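Engineer: Just the structure for this:
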Amino acid sequence: MSVRYLNCGDTAFSVEFGSTIAPEINARVMGLHGRIAAERAAGKLAGVVETIPSMRALMVCYDPLATSRSELQPAIEALVSGGLEAAAPSRRLEIPCCYDDPEFAPDLQDVAQRTGLSGEAVIAHHLASDFHVYVLGFMPGLAYIVGLAKALELPRRSQPRVRVPRSSVGIAMNMTTIYPFDSPGGWHLLGRTPLRMFDQRRPQPVLLAPGDVLRFRRVSRAEYDAIAAQVEAGTLDWATLEVAA
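Structural biologist: Sure, this is the predicted structure:
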C-alpha cells in the first residue's frame, strides 16, 4: 500500500494511506496516530503539536519555530516502514437510542420500504451493527461512524432537511451519525439519543473520538426522557456508557 506525503502549508503535512474509505486504511491511520502519540510521550518528535486523523490520512501539525517537515518526515517514514499495528479501540461505548417516537424517527418507514424490510427489522439491523468512529467533521462533535449493516445502505436523502434536531440518529451510505446541534442535514433519521454529542459543561465537550467502537441500545420514550433529564441537569454518570470489551 503506497503512502503519500502532502504539504499543508508551513505548519503541517498529511500522511495519506489510500484513496478509498476502507477499514484497513483507517486502521493504518489510527495506528500511526497511536505511534506518534507514544513517541511524543517518550519525549521524541520534538515540535509536533498534534495529529489529526481522517478517513484515510493523518495530518501532522508542528511548530515551525521548533521543527520542519524536512526534519519530521523521515522520522514519520521510519514509523510507517516499521509496521503499524491496528490501534486498540480507545473505548467501547453503548449509546441509548429511542426509535419508537415518530417525531424521532421520521424516515424509519421510508427506509423500511426502500430496503424491503419491516420497521422492526431496520431497527434490529441498526442495533446489530458494529460501529467504529472514523473521523469528526462538519461541525463540532459530529462523528462519521462506519459499520452500518449492508442491508441498510442507502444514499443521502434527495431533499435534505433545513433543520435536523440535535441528537438525531441518522444513516447514509455505510455510516451512521448523531447530530450534535440543530442543523441542516440529508441523512435518514431513524431515532434520537438523549445524550449530547457536544456539551461544554463536560471536561471534554466532545463525546466521541476517532477509534471509539460503539453500539446502540434501544430505549423506550420513558427511558429516553429519564436520561435526557439527567443530561439536562448535569447529573448523568457518563462513565456508564463505557462497556467492557
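Engineer: Against Met175, how distant is Ala229?
Structural biologist: Using Cβ to Cβ, to the nearest Å, we find Ala229 at a distance of 30 Å from Met175. Heads up, the C-betas are built off the backbone N, CA and C, glycines and all.
Engineer: Those two - which one has more neighbours?
Structural biologist: Neighbours per residue, other Cβ atoms under 10 Å: of Ala229 and Met175, the larger number sits with Met175, 20 against 12.
Engineer: Hmm, that one is touching Leu148, no?
Structural biologist: Yes: contact between Met175 and Leu148 holds when scored by Cβ atoms under 8 Å: they sit 5.8 Å apart.
Engineer: residue ranges of the helices in this protein, please?
Structural biologist: Assigned by DSSP state H, the helices in the chain fall at 23-41, 69-81, 108-115, 119-128, 221-233.
Engineer: what's the least confident stretch among those helices?
Structural biologist: Averaged per stretch, pLDDT over the helices of the chain is lowest on helix 23-41, reaching a mean of 92.
Engineer: how far off helix 69-81 does it point, in degrees?
Structural biologist: Using axes from the mean of the first three to the mean of the last three Cα atoms, to 10 degrees, the direction of helix 23-41 lies 120 degrees away from that of helix 69-81.
Engineer: gap between Leu79 and Gly31?
Structural biologist: Counting by Cβ to Cβ, the gap from Leu79 to Gly31 is 9 Å.
Engineer: whoops, Val135 was the one
Structural biologist: Distance, Val135 to Gly31, by Cβ to Cβ: 15 Å.
Engineer: again with Ala46
Structural biologist: 22 Å.
Engineer: Which one's more surrounded, the two?
Structural biologist: Taking neighbours as other Cβ under 10 Å, Ala46 and Gly31 compare with Gly31 leading, 19 against 13.
Engineer: wouldn't the more buried one be in contact with Val80 here?
Structural biologist: No: contact criterion Cβ under 8 Å: Gly31 and Val80 do not qualify, at 9.1 Å.
Engineer: how about the strands in the chain?
Structural biologist: Applying DSSP state E to the chain gives strands spanning 4-7, 12-16, 48-53, 57-62, 92-97, 131-136, 143-146, 161-164, 168-172, 175-178, 183-185, 188-192, 213-218.
Engineer: Distance to Pro23 for those - can I get that in JSON lines?
Structural biologist: Shown next, in JSON lines, are these (distance: least, Cβ to Cβ, whole Å):
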{"stretch": "strand 4-7", "distance to Pro23": "20"}
{"stretch": "strand 12-16", "distance to Pro23": "17"}
{"stretch": "strand 48-53", "distance to Pro23": "14"}
{"stretch": "strand 57-62", "distance to Pro23": "15"}
{"stretch": "strand 92-97", "distance to Pro23": "17"}
{"stretch": "strand 131-136", "distance to Pro23": "8"}
{"stretch": "strand 143-146", "distance to Pro23": "8"}
{"stretch": "strand 161-164", "distance to Pro23": "27"}
{"stretch": "strand 168-172", "distance to Pro23": "18"}
{"stretch": "strand 175-178", "distance to Pro23": "13"}
{"stretch": "strand 183-185", "distance to Pro23": "25"}
{"stretch": "strand 188-192", "distance to Pro23": "23"}
{"stretch": "strand 213-218", "distance to Pro23": "12"}
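Engineer: Glu39: which of those is closest?
Structural biologist: Among the strands of the chain, the nearest to Glu39 by Cβ to Cβ is strand 48-53 (8.2 Å).
Engineer: Pull up the pairing partners for the closest one, direction included.
Structural biologist: Here strand 48-53 has these sheet partners by DSSP bridges: strand 57-62 (antiparallel).
Engineer: So for the strand it pairs with, what gets flagged as buried?
Structural biologist: Neighbour counts using 16 or more other Cβ atoms under 10 Å place Ala57, Leu58, Met59, Val60, Tyr62 of strand 57-62 among the buried residues.
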